[in-house]
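In: Below are the sequence and a predicted model for it; my questions follow.
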Amino acid sequence: MQRAKRPGAVLLEVMVALAILASAGVTVVSLAAESARAVTRARDAEGELRAANAFFNTVALWPRADLDRHLGDRRQGRWVMRVDRPYPTLYVVTLSDSSTRALILRTSLYRPAEPHVAP
């Protein structure tokens with residue numbers, strides 16, 4: 001059985017296959033680029049968290065007087081720090097991004113009441 005000659009049919013099939021292959025290639029390249037951007041964003045976020053944690057380590061050493069002086073919202077470089085005192089011996093410190101107000105870190109600090117000295 002002989003096939004009827006169809007001039008250009010093979011060329012058309014090759015062109016369709018190349019179009020499909022090109023489409024898949026563009027998709028793979030797009031996914032790789034997005035993955036690279038995601039890795040960069042994750043690395044930047046980790047650096048931000050490390051810097052915020054280093055700052056929090058310093059705040060954790062503050063005595064009551066320093067924490068009392070910083071009650072409320074205060075801008076601390078690229079962050080906004082909020083110090084609340086829900087109880088006389090408990091301070092809640094929150095660090096947020098200054099532009100988006102996204103929460104970065106939060107901790108509670110216990111500071112015992114200062115003893116009263118009799119005259």
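Out: Good, I have the coordinates.
In: hey, let's count contacts and neighbours off CA atoms from now on
Out: Will do.
In: gap between the two ends of stretch 69-80?
Out: Taking C-alpha to C-alpha, to the nearest Å, the first and last residues of stretch 69-80 lie 15 Å apart.
In: same check, this time on stretch 61-78
Out: This stretch, stretch 61-78, spans 21 Å end to end (C-alpha to C-alpha).
In: Show residues contacting that stretch.
Out: With contact meaning C-alpha atoms under 8 Å, 6 or more residues apart in numbering, stretch 61-78 is reached by 80-85, 91, 97-98, 111.
In: which of those residues has the weakest pLDDT?
Out: Across the contacts of stretch 61-78, the smallest pLDDT goes to Ser98, namely 85.
In: I figured that one hits Trp79, correct?
Out: Yes - judged on C-alpha atoms under 8 Å, Ser98 makes contact with Trp79 at a distance of 4.7 Å.
In: returning to that earlier point: out of the contacts of stretch 61-78, which is most surrounded?
Out: Among the contacts of stretch 61-78, Met81 has the most neighbours (other C-alpha atoms under 10 Å), with 23 neighbours.
In: same for the helix or strand where that one lies, what does it pack against?
Out: Counting by DSSP states H and E, the element that carries Met81 is strand 79-87. Applying 3 or more C-alpha pairs under 8 Å, 6 or more residues apart in numbering; DSSP states H and E, we find strand 79-87 packed against strand 72-76, strand 90-97.
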